[in-house]
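Asks: no sequence for this one, just the structure:
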DNA sequence: CCAAAAGTGTTTCACTTACACCCATGA
DNA sequence: TCATGGGTGTAAGTGAAACACTTTTGG
């Protein structure tokens, strides 16, 4: 069932740079390519856009199919279309940055039909296509985003400690932060709701758990918000 | 000479939101559509990407062909690909934000074969396709960019006064700025080079002219830079 | 001499930064 | 009782914001 056009057309694809976070730091979700080109290499999850689906629907579908992830927080990163970036033919891809609560998703991603795995951002293998560039751009984008929106919380479980939150910011910004100043500033945002619970099963004083106030979160996310830390 | 593919493909286009600035404020360059759909409506300059050209090359070519503009400062805004955004068929467009020194280009743009004209950003007509949305996103992008990079200077003539620069920032940010604080901050950047000349033919005290130091400009543009004003 | 815009400093306040010790808990 | 991370306050410095008058020039 061929499709014919008067002028040649690039193929249009989507790719996702999905970040997760846990005690080992920041990770990116990759899949191992089964087919040429770059067979055996790791690459970003993604695929071709269908004619009747929006770009964000396409990337959500591909994430679901290839890695099992659903309900991912996604922002568009930009289009990559240099001729030759795919050796087979001209492909223009629209790249997205995704954030997930890693612990929720670790197992499902690894047990899918295609091999999918999380890689620490400081130990990434060489990737297929121009995906190295896209991941580097996505990291830079995340560093910017984290200062403007409280998206950090997209990466944490529903209940978390202030130390976890600080480690997350340190991992994204790649620099150490002062504990007292960090707590002062983040609590001053009036975004966190302190719970009556503490973490369990730790060999030291148990930390208080927090969750974030969704209403306040949406207000801040909409207004722009500047979290210089 | 038809082109046939196994699966259907969207068309891939580029569109440019080019901003200019003069004594009347901030303007956007539009072209009047000759053909359906939206014949007679104003739209962003743009067109389809050729198979052998990069995305930024495509937008530069279209700008040259449709408006006469060349050597425009361009940044990618993002991809727009919702099905139905073009009533004829599926088109994914990659939008760009451009900045030009308006006075250099005013005449050429208006004398081209197709009708092209500058519109003040606060008096835009209803645009074809989803171009209203793209322009709104481009304005938001410019407001962000202007705080992070000294791109404001892309919009001014080579020699300019501090008042012109302040008016530009006021137009982009849509709020008044304090004259003394503005001058203090912008001069503290060590980016401007004061000239021995003053403006001519004004009915009041003539203002000193400045130009910007390209080497310093590139340093700041690369480093990120934060110009909160 | 009048109109119009250019040019110029200081004070106040808020926020950022640097910094060190005691506390609670489980092993 | 020891090891581990949790939790807390203050002082100094820096940067932002508010604010009004004199100067220069051409008409």
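Replies: Looks like it came in fine. All values reported here derive from a predicted model rather than from experimental measurement.
Asks: in chain A, which spans are strands?
Replies: For chain A, strands defined by DSSP state E occupy the ranges A:3-5, A:11-22, A:25-32, A:42-43, A:46-48, A:73-80, A:91-99, A:116-120, A:192-198, A:208-212.
Asks: Report the spatially closest residue to residue A:18, excluding sequence-adjacent ones.
Replies: residue A:98 (3.8 Å; CB to CB, 6 or more residues apart in numbering or on different chains). C-beta here means a position set from N, CA and C on the backbone, and glycine is covered the same way.
Asks: these two touch, right, that neighbour and residue A:73?
Replies: Yes - the criterion here is CB atoms under 8 Å, and residue A:98 meets it with residue A:73 at 6.4 Å.
Asks: so what's the residue nearest to residue A:18 up against?
Replies: Residue A:98 sits next to A:16, A:17, A:18, A:19, A:59, A:63, A:69, A:72, A:73, A:74 when contact means CB atoms under 8 Å, 6 or more residues apart in numbering or on different chains.
Asks: For the first one, grab the count of nearby residues.
Replies: It stands for residue A:16. 28 (other CB atoms under 10 Å in any protein chain shown).
Asks: Was I right to think it contacts residue A:47?
Replies: No - counting by CB under 8 Å, residue A:16 sits too far from residue A:47 to count as a contact (10.0 Å).
Asks: which residue sits closest to the most far-flung residue of chain A relative to its centre in space, ignoring its chain neighbours?
Replies: Ranked by distance from the centre of chain A (CA atoms, centre = their mean), the top residue is residue A:6, with 38.5 Å. Closest residue to residue A:6 apart from its sequence neighbours, by CB to CB, 6+ apart: residue B:2 at 6.5 Å.
Asks: what's the burial count for that neighbour?
Replies: Neighbourhood size, residue B:2 [other CB under 10 Å]: 9.
Asks: With residue A:12 instead?
Replies: Count around residue A:12 with other CB under 10 Å applied: 25.
Asks: Residues in a beta bridge with it, which ones?
Replies: residue A:92 (DSSP bridges).
Asks: pLDDT score assigned to it?
Replies: Residue A:12 is assigned 98 on the pLDDT scale.
Asks: For it, which residues are in contact?
Replies: The neighbourhood of residue A:12, defined by CB under 8 Å, 6+ apart, consists of A:48, A:49, A:91, A:92, A:93, A:94, B:9, B:10, B:12, B:81, B:92.
Asks: again, only using 6 Å
Replies: Going by CB atoms under 6 Å, 6 or more residues apart in numbering or on different chains, residue A:12 touches A:49, A:92, B:10, B:92.
Asks: got it, and residue A:15?
Replies: Under the criterion of CB under 6 Å, 6+ apart, the neighbours of residue A:15 are A:44, A:46, A:93, A:95.
Asks: Apply 7 Å and report the result again.
Replies: Counting by CB atoms under 7 Å, 6 or more residues apart in numbering or on different chains, residue A:15 makes contact with A:44, A:46, A:93, A:95, A:134.
Asks: how deep is the fourth one tucked in, by neighbour count?
Replies: It refers to residue A:95. 26.
Asks: so how far is residue A:119 from it?
Replies: Counting by CB to CB, to the nearest Å, the gap between residue A:95 and residue A:119 amounts to 17 Å.
Asks: Residue in chain A with the shortest distance to DNA strand D?
Replies: Nearest residue of chain A to DNA strand D, counting by CB to the nearest atom of the strand: residue A:204, 2.7 Å away.
Asks: since we're on that residue, how many residues are nearby?
Replies: 6.
Asks: what's the spacing between it and residue A:22?
Replies: On the measure of CB to CB, residue A:204 and residue A:22 end up 19 Å apart.
Asks: What of residue A:42?
Replies: For residue A:42, the distance to residue A:22 (CB to CB) stands at 19 Å.
Asks: Ok, residue A:132 next?
Replies: Residue A:132 is 23 Å from residue A:22, where distance means CB to CB.
Asks: what about these two, which has more around it?
Replies: Between residue A:132 and residue A:22, residue A:22 has the larger neighbour count (other CB under 10 Å), namely 19 against 13.
Asks: mind checking pLDDT for that one?
Replies: Reported pLDDT for residue A:22: 91.
Asks: so it bridges to which residues?
Replies: Beta-bridge partners, per DSSP bridges, of residue A:22: residue A:25.
Asks: For the contacts of residue A:12, which single residue is the most surrounded?
Replies: Sorting the contacts of residue A:12 by how many neighbours each has (other CB under 10 Å) puts residue A:49 first, at 27 neighbours.
Asks: which ones are touching it?
Replies: So residue A:49 contacts A:12, A:13, A:14, A:55, A:58, B:10 (CB under 7 Å, 6+ apart).
Asks: Go ahead and confirm residue A:75 touches residue A:97.
Replies: Yes - contact criterion CB atoms under 7 Å: residue A:75 and residue A:97 qualify, at 5.2 Å.
Asks: more neighbours, these two?
Replies: Counted by other CB under 10 Å, residue A:75 and residue A:97 do not tie: residue A:97 has more neighbours, with 24 against 16.
Asks: And the pLDDT for the more buried one?
Replies: pLDDT at residue A:97 comes out at 98.
Asks: which ones are touching it?
Replies: Contact analysis of residue A:97 by CB under 7 Å, 6+ apart lists A:17, A:75, A:77, A:138, A:141, A:142.
Asks: got the residues of chain A near chain B?
Replies: A:2-12, A:49, A:51-52, A:54-55, A:76, A:78-79, A:81-83, A:90, A:92, A:94 (CB under 7 Å from any CB of the partner chain).
Asks: okay if I get the contacts of residue A:12 as JSON lines plus distance to DNA strand D?
Replies: Shown next, in JSON lines, are those (distance: CB to the nearest atom of the strand, whole Å):
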{"residue": "A:49", "distance to DNA strand D": "43"}
{"residue": "A:92", "distance to DNA strand D": "40"}
{"residue": "B:10", "distance to DNA strand D": "45"}
{"residue": "B:92", "distance to DNA strand D": "40"}
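Asks: on that earlier part again, which residues does the residue nearest to residue A:18 form beta bridges with?
Replies: Residue A:98 forms beta bridges with residue A:18, residue A:74, as assigned by DSSP bridges.
Asks: can you pull out the helices in chain A?
Replies: Secondary structure of chain A (DSSP state H): helices at A:55-67, A:102-110, A:131-148, A:162-173, A:179-188, A:214-223.
Asks: For the last one, which outside residues touch it?
Replies: Pointing back at helix A:214-223 there. Helix A:214-223 is contacted by residues A:149, A:150, A:153, A:190, A:191 when judged by CB under 7 Å, 6+ apart.
Asks: mind redoing it with 10 Å?
Replies: Helix A:214-223 is touched from outside by A:148-151, A:153-154, A:189-193, A:212-213, A:225-227, with contacts defined as CB atoms under 10 Å, 6 or more residues apart in numbering or on different chains.
Asks: Please list the residues of chain A that sit near DNA strand C.
Replies: Residues of chain A lying near DNA strand C by CB under 7 Å from any atom of the strand: A:178-181, A:184-185, A:201-206, A:228-229.
Asks: List only buried entries from these.
Replies: The neighbour-count test (16 or more other CB atoms under 10 Å in any protein chain shown) marks residue A:229 as buried among those.
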